[in-house]
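Asks: pasting the structure only:
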């Protein structure tokens, strides 16, 4: 638990925490600056990386270290889930101030290890250094059967749009956290989805295996920001039915709808299915709700149908770090 | 050249700069959050990542943006060279303040692209965000023939220790840069190795192909810090001959020796060769000097032989970010 005064000790703590994790084809070279990994025959590697920065993505006095550890990996793995892949291993780039190399680091690594086990993704290596703020960059290496990855670019007019889960819960949790004083509690039910998002690996893999999704992505910046990205990649438009959104059961339905449309950090899957295939989709996949929310259109607009006769343009209300 | 006000514009600038780069088996998915990569049959993937942070690793007013771009990739690729591998593709995690998204970003990407071409390593993806300081984390994916990677752990007593190049030049350049006022010039000869290190890919691959090196690593934190790491991984000791070090030709030979022993940021290769194989090693490989500097010992000490009869313990004088 005590502070570390050299890089070897920090690396040693990481190695001790993850020592027992093993995965197919991965050779951990703790003494070397790199890992060796042998992908399985007939598979392609999925490569993705994600920032998770103190101040931008989490606050030391608000987010338990354990939740920071869980979430930094879960959100990066979500990009593998969104292609229908399996997560194999990850690299951890971690910078932190010396004063956080004791208890905070231990709890952070505890959460990271729990996530690593939950999603079946082993630590393969990384780089640590000192910095006045906590900086995390995670690279995830996944695998998918050759030619089976689901991209953003495959949606066609007439395809039906689906989302998994309930939208808005993570943002609702964040708002609650920001209103409260001090550290959020790890066991607070309202904060679960904000603290411990679960990448939808099983659903993504099932959709890829059954070749059901024509296009897919995860909702990380909010439906109203991410749906236009999927549509732009596919060169199509979309119309969402406001009444179909899987919203939270709040007293204020206006707030619930805003959260469902614009709430980020969800890590639910947004995907499109050919009309003839929608009969193959269950209402829930292993307990996870699947909801039909609209359809893909020729016309390259993103519309929200609010009632039988009225459709309005859906403005992007999600998060953009460079917005002036 | 103008400032960007949203993430899409920053990503667009990166895509434009790297648009034409292609490599074997790499499918760039610019619209997606991940890339697909198919390793060649019979090869293992080498996975490595490296921090490159404003303030710790470079200074905006001292290091030209172009050198920052070159060096962040070159030093990460050096870890692939140190295993005897080929660099295939990289992921760029980049955080920067909005005011640097114009000219600075363009020059940074120019240097990064030059390095990418020079080392044959294509941009596969990444993540960008805003931050008050420039933060860079690079993940490199390399390839090596299965079972041929050269690790740190293979050195045995009696093996001869070699280094490539001349040691101390990068640190000498850094000292010169810190003494001067203002920005270092990209064409200043003394600053070349500090600004534009060249990972020793061809040498590493040749040593792996010929099975000549029993252990290898790159010198990133200084010989006196990195040699003990190689020895610890191999559970051996070493004795270095002070008079054998490939030093700079400075008037002050004491300074030249200090630089050779402790100077970091070299990215030269440090490797060991069985005594019976040293006849296979040329004095220079494609113009790059190879120097025999000592030998591996049973006794787990790191010694410096300063004359015929005297050996002193070699203290680690390299850089450790967590040192109190």
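Replies: Here it is on my side, so go on. Computed from a predicted structure; not experimentally measured.
Asks: run through chain A and note the low-pLDDT ranges.
Replies: A:1, A:20-24, A:28-31, A:318-324 (pLDDT under 70).
Asks: mind listing the strands for it?
Replies: For chain A, strands defined by DSSP state E occupy the ranges A:26-27, A:35-37, A:43-53, A:86-96, A:122-130, A:135-145, A:160-164, A:213-218, A:237-241, A:269-273, A:284-285, A:288-297, A:302-307, A:310-313.
Asks: turn these into CSV, including mean neighbour count.
Replies: From N, CA and C alone the C-beta is placed, and that goes for glycine too. Putting these into CSV (neighbours: other Cβ atoms under 10 Å in any protein chain shown) gives the following:
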stretch, mean neighbour count
strand A:26-27, 18
strand A:35-37, 24
strand A:43-53, 25
strand A:86-96, 25
strand A:122-130, 23
strand A:135-145, 26
strand A:160-164, 23
strand A:213-218, 25
strand A:237-241, 21
strand A:269-273, 27
strand A:284-285, 14
strand A:288-297, 19
strand A:302-307, 17
strand A:310-313, 11
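Asks: export those strands to TSV and tack on distance to residue A:59?
Replies: As requested, the strands of chain A are arranged in TSV below (distance: least, Cβ to Cβ, whole Å):
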stretch	distance to residue A:59
strand A:26-27	34
strand A:35-37	32
strand A:43-53	11
strand A:86-96	15
strand A:122-130	20
strand A:135-145	14
strand A:160-164	28
strand A:213-218	23
strand A:237-241	32
strand A:269-273	28
strand A:284-285	34
strand A:288-297	29
strand A:302-307	32
strand A:310-313	34
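Asks: mind giving me TSV with these and columns for distance to chain B?
Replies: TSV is the format used below for these (distance: least, Cβ to the nearest Cβ, whole Å):
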stretch	distance to chain B
strand A:26-27	8
strand A:35-37	5
strand A:43-53	4
strand A:86-96	4
strand A:122-130	4
strand A:135-145	4
strand A:160-164	17
strand A:213-218	7
strand A:237-241	15
strand A:269-273	12
strand A:284-285	22
strand A:288-297	16
strand A:302-307	15
strand A:310-313	18
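Asks: residue A:8 versus the residue in the stretch 201-324 of chain A positioned nearest to chain B, what's the distance?
Replies: Proximity to chain B, evaluated over the stretch 201-324 of chain A using Cβ to the nearest Cβ, is greatest for residue A:233 at 3.6 Å. Using Cβ to Cβ, to the nearest Å, we find residue A:233 at a distance of 45 Å from residue A:8.
Asks: what about residue A:264, distance to residue A:222?
Replies: Using Cβ to Cβ, we find residue A:264 at a distance of 4 Å from residue A:222.
Asks: now do residue A:60
Replies: Plainly put, residue A:60 is 25 Å away from residue A:222 if you go by Cβ to Cβ.
Asks: more neighbours, these two?
Replies: Legend: neighbour count by other Cβ atoms under 10 Å in any protein chain shown for residue A:60 and residue A:222, higher for residue A:222 (24 against 16).
Asks: what sits against the more buried one?
Replies: A:171, A:261, A:262, A:263, A:264, A:266, A:316, A:317, A:318, A:319 (Cβ atoms under 8 Å, 6 or more residues apart in numbering or on different chains).
Asks: before we move on, the earlier item: out of the strands of chain A, nearest to residue B:26?
Replies: Closest to residue B:26 of those is strand A:43-53 (Cβ to Cβ; 8.9 Å).
Asks: interface residues of the stretch 51-200 of chain A facing chain B?
Replies: Residues of the stretch 51-200 of chain A lying near chain B by Cβ under 8 Å from any Cβ of the partner chain: A:51, A:53, A:56, A:79-80, A:82-83, A:89, A:91, A:93, A:95, A:98, A:101, A:124-131, A:135, A:137, A:139, A:141-142, A:144, A:146, A:149, A:151-153.
Asks: which stretches of the stretch 51-200 of chain A form helices?
Replies: Remark: helices assigned in the stretch 51-200 of chain A by DSSP state H, counting those that start in this stretch are A:65-81, A:103-119, A:169-179, A:192-195.
Asks: what comes into contact with the shortest one?
Replies: What it means is helix A:192-195. Outside helix A:192-195, the residues that touch it by Cβ under 8 Å, 6+ apart are A:63-64, A:67, A:70-71, A:169-171, A:173-174, A:177, A:184, A:186, A:265-266.
Asks: repeat that for 7 Å
Replies: Outside helix A:192-195, the residues within contact range by Cβ atoms under 7 Å, 6 or more residues apart in numbering or on different chains are A:67, A:71, A:169, A:170, A:173, A:174, A:177, A:184, A:186, A:265.
Asks: can I get those in CSV with neighbour count?
Replies: As requested, those are exported to CSV (neighbours: other Cβ under 10 Å):
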residue, neighbour count
A:67, 25
A:71, 25
A:169, 23
A:170, 28
A:173, 22
A:174, 21
A:177, 20
A:184, 22
A:186, 17
A:265, 21
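Asks: and the residue lying closest to residue A:136 once chain neighbours are set aside, what is it in contact with?
Replies: Nearest non-adjacent residue to residue A:136, counting by Cβ to Cβ, 6 or more residues apart in numbering or on different chains: residue A:52, 4.1 Å away. With contacts defined as Cβ under 7 Å, 6+ apart, the neighbours of residue A:52 are A:58, A:72, A:136, A:138.
Asks: I'd guessed the last one sits against residue A:73; true?
Replies: Which is residue A:138. Yes: contact between residue A:138 and residue A:73 holds when scored by Cβ atoms under 7 Å: they sit 5.8 Å apart.
Asks: who touches both of these two?
Replies: Common neighbours of residue A:138 and residue A:73 (criterion: Cβ under 7 Å, 6+ apart): residue A:90.
Asks: ok, so of the contacts of helix A:192-195, who is nearest chain B?
Replies: Proximity of those to chain B was ranked by Cβ to the nearest Cβ; the top entry is residue A:265 with 14.0 Å.
Asks: residues in contact with that closest one?
Replies: A:170, A:171, A:174, A:194, A:197, A:220.
Asks: repeat that for residue A:212.
Replies: Contact criterion Cβ under 7 Å, 6+ apart gives A:273, A:277, A:280, A:281 as the residues in contact with residue A:212.
Asks: ok, it to residue B:35 distance?
Replies: Following Cβ to Cβ, the distance that separates residue A:212 from residue B:35 is 23 Å.
Asks: now do the phi/psi pair for residue A:159.
Replies: According to degrees, to the nearest 10, the main-chain angles of residue A:159 amount to phi -60, psi 150.
Asks: that one against residue A:274, yeah?
Replies: Yes: taking contacts as Cβ under 7 Å, residue A:159 lies within contact range of residue A:274: 5.8 Å.
Asks: looking at the two, which has the bigger crowd around it?
Replies: For residue A:159 versus residue A:274, neighbours defined as other Cβ under 10 Å are more numerous around residue A:159 (24 against 16).
Asks: ok, that one - contacts?
Replies: By Cβ under 7 Å, 6+ apart, residue A:159 lies in contact with A:214, A:272, A:273, A:274, A:275, A:295, A:296.
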